[in-house]
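S.K.: Quick one, fold the following:
(one chain, ligands or ions: 1)
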Amino acid sequence: MTNSAEAQGNGNDTAKLRAMRIESIEARLYYVPLTSVLTDARHGTMREFSLVTVSIMTDGGVEGLGYSYTVGKTGGTALLALIRDNLAPALIGVDPRCTEALWEKMWWHLHYVGRGGLASFAISAIDIALWDIKGKLAQEPLWRLLGGHDSSVRVYAGGIDLDLPIDRLRQQTEGNLKRGFRAIKIKVGRDRLQDDVERVATARACLGPDLPLMVDANMRWTVAQAIRAACAFREYDIYWLEEPTIPDDVEGHRKIEVEGGIPVATGENLHTIYEFQKMISAGGVSFPEPDMSNIGGVTGWIKVAHLAEAYNLPVTSHGIHDLHVHLLAAVPNASLMEIHGFGLDPYIAHPLEISNGQVRASERPGHGIEMQWDALEAYRVGAKGHALQSKALRGDVVDLKV
Ligand SMILES: [Mg+2]
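M.R.: Residues are numbered from 1 along each chain as shown. Down below sits the predicted model:
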């Protein structure tokens, strides 16, 4: 081969890469049981979550995996339908590497029923699979492909534990320290503020004075209630106060930041980069928390991270830590990553290992997650013995308490 031919690469290979196309997209829905019952102030009692997976096959033989999830069974079938019936047919035959072009195509395809919400979940699952393909083609892990800042990521245990009595909360915190955590988050938002204060005091006593302690109210409070709670928590050196009130009240978040005296974290319920732009530019958040499973995948999350950086803010995450580890490892402004209660450890080949408060992003190409499909099969909706059902029948008494 001549030097110029080497510089241009193998002609056939180049032509093949140029011609790469999406051949098929398969989406599946699973109702994954939680290993223990979890509770927070807004979603109540949780026993399972909906996991929607997307497998994209290219004509070059490279396959990408993406997924998103919802709380309980709510929205799972709708998310599956958006991907299977609306997005997948629009993407067959296009180049999977052109993630910005595909993102824009998906955004406008769902725009009239979207601009956030469930549409962003659907776009996310596909976008994640596309980035997995790009990483595999480049033979690079996503964290390096996206910027490669530091493969070691500090983590915290995201407790979903509002109903735990004090002694169980103490046991859980001590157990997390033994597992290697050096930071934890607990739920607040009980009916009596004094109960929350007691929980915060217990967690702080277990952690000692130096380790970060976060609290999460899951949007339970009004602005005035949140400020009152923040003032009551102040003596316990809270690292951040998460989702004190509804995500729509941008000015309220700014007030809670200023008058509550604790940095505010929010983002798992902000589903577009424009919602983050409004919250960040108004001074309503100190720790933006985009979730790549509902902000538009890798593409959306990275944009929020860079937006935060331009405002001199860190960025953190919510949920699906096996994927988020790559994104936090990619950027210079990473804060602590949540190790979330909806874990996939029993269903993936290489769960994250926590050591001295940190995890390490893998060196496997793409996101490197290998789903153990056989382990998940019992929970696949539509599989034998797991038919879709509607539980609410005419005449049922429906509980309207939220
Ligand atoms: Mg939260």
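
S.K.: Quick check, the residue in this protein closest to the ion?
M.R.: Distance from the ion to each residue of the chain (Cβ to the ion) is smallest for D216, at 4.4 Å. Every residue, glycine included, has its C-beta placed from N, CA and C.

S.K.: Run a quick neighbour tally on that residue.
M.R.: D216 sits with 28 neighbouring residues when counted by other Cβ atoms under 10 Å.

S.K.: who touches it in this structure?
M.R.: With contact taken as Cβ atoms under 8 Å, 6 or more residues apart in numbering, D216 is in contact with D40, G158, K185, I186, K187, V188, E242, E243.

S.K.: Cross the residues you listed against strands and list the overlap.
M.R.: D40, G158, K185, I186, K187, E242 (DSSP state E).

S.K.: Out of those, who's the most crowded?
M.R.: For the ones in strands among the contacts of D216, the largest number of neighbours (other Cβ under 10 Å) sits with E242, at 28 neighbours.

S.K.: Bridged to it, which residues?
M.R.: D216, A265 (DSSP bridges).

S.K.: can you offset everything so residue one is 26?
M.R.: With the count now opening at 26, the last piece we talked about shows up as E267.

S.K.: Near the ion, which residues of this structure are found?
M.R.: Residues of the chain that fall close to the ion, judged by Cβ under 5 Å from the ion: D241, E267.

S.K.: can you give me the strands in this protein?
M.R.: Ranges of strands in the chain, per DSSP E, are 47-65, 69-83, 88-96, 177-183, 209-212, 238-241, 266-267, 289-291, 312-313, 362-364, 383-385.

S.K.: Can you lay out those as TSV showing mean pLDDT?
M.R.: Formatted as TSV, these follow (pLDDT from 0 to 100):
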stretch	mean pLDDT
strand 47-65	92
strand 69-83	93
strand 88-96	97
strand 177-183	97
strand 209-212	96
strand 238-241	98
strand 266-267	98
strand 289-291	98
strand 312-313	98
strand 362-364	96
strand 383-385	98
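
S.K.: which one of the ones you listed lies closest to G321?
M.R.: With Cβ to Cβ, the closest approach to G321 among the strands of the chain belongs to strand 88-96: 10.5 Å.

S.K.: roughly how far out does that closest one sit from the chain middle?
M.R.: 10 Å (Cα atoms, centre = their mean, to the nearest Å).

S.K.: the inter-axis angle of it versus strand 69-83?
M.R.: For strand 88-96 against strand 69-83, the angle by axes from the mean of the first three to the mean of the last three Cα atoms, to 10 degrees is 160 degrees.

S.K.: What is strand 88-96 packed up against?
M.R.: If contacts are counted by 3 or more Cβ pairs under 8 Å, 6 or more residues apart in numbering; DSSP states H and E, strand 88-96 sits against strand 69-83, helix 101-106, helix 142-163.

S.K.: And the shortest one, how far out from the chain middle?
M.R.: Going back to what we said before, that points to helix 101-106. On the basis of Cα atoms, centre = their mean, helix 101-106 sits 18 Å off its chain's mean C-alpha point.

S.K.: just checking, what packs against it?
M.R.: With contacts taken as 3+ Cβ pairs under 8 Å, 6+ apart, helix 101-106 sits against strand 47-65, strand 69-83, strand 88-96, helix 142-163.

S.K.: Among those, show me which one is buried the most.
M.R.: Across the helices and strands packed on helix 101-106, averaging neighbours per residue (mean count of other Cβ atoms under 10 Å) puts helix 142-163 on top, at a mean of 25.

S.K.: Now find how far off-centre that one is within its chain.
M.R.: For helix 142-163, the distance from its own C-alpha centre to the chain's C-alpha centre is 13 Å (Cα atoms, centre = their mean).

S.K.: likewise stretch 347-364?
M.R.: Worked out by Cα atoms, centre = their mean, stretch 347-364 lies 11 Å from the chain centre.

S.K.: Report how far apart the opening and closing residues of stretch 368-381 are.
M.R.: One end of stretch 368-381 to the other measures 20 Å (Cα to Cα, to the nearest Å).

S.K.: just stretch 261-280 next, same as before
M.R.: End-to-end distance for stretch 261-280: 21 Å, by Cα to Cα.

S.K.: mind listing what's buried in it?
M.R.: Using 16 or more other Cβ atoms under 10 Å as the test for burial, stretch 261-280 gives 261, 263-272, 274-275, 277-280.

S.K.: picking that back up, in a markdown table: the helices and strands packed on strand 88-96, plus distance to G292.
M.R.: Listed next are the helices and strands packed on strand 88-96 as a markdown table, based on distance: least, Cβ to Cβ, whole Å:
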| stretch | distance to G292 |
| --- | --- |
| strand 69-83 | 19 |
| helix 101-106 | 19 |
| helix 142-163 | 12 |
